[in-house]
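[1] Structure, please.
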Amino acid sequence: MEAITGHEAVDHEEALVHTWRVAQLTRLGVSRPLAEAYADQLDWHQIARLVKRGCPLQLAVRIVR
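    Residues are numbered from 1 along each chain as shown. Below is the predicted model of the structure:
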């Protein structure tokens, strides 16, 4: 069994965080391809706050981008 290097552990953690962010964005209604593309660039918390206050999803994404 090979040992996992620090770099591999970081890559794995980043992949897990990316997957989680994609899930949060899709849960808000963002299409999966768009969520995949912007998961590491958008703050899903900001989008969620805007949507919760009645902002249409498309507009919320444009504002946060």
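[2] any idea which element residue 19 lies in?
    For residue 19, the element it lies in under DSSP states H and E is helix 6-28.
[3] List the contacts of residue 40.
    18, 21 (CB atoms under 8 Å, 6 or more residues apart in numbering). Any C-beta I mention is one placed from the backbone N, CA and C, and that applies to glycine too.
[4] What separation is there between it and residue 56?
    Distance, residue 40 to residue 56, by CB to CB, to the nearest Å: 23 Å.
[5] do residue 37 as well
    19 Å.
[6] do residue 38 as well
    Distance from residue 38 to residue 56, by CB to CB: 17 Å.
[7] So which of the two has more stuff around it?
    residue 38 (18 against 11; other CB atoms under 10 Å).
[8] my read: that one touches residue 65, true?
    Yes - Residue 38 is in contact with residue 65 according to CB atoms under 8 Å; the separation is 7.2 Å.
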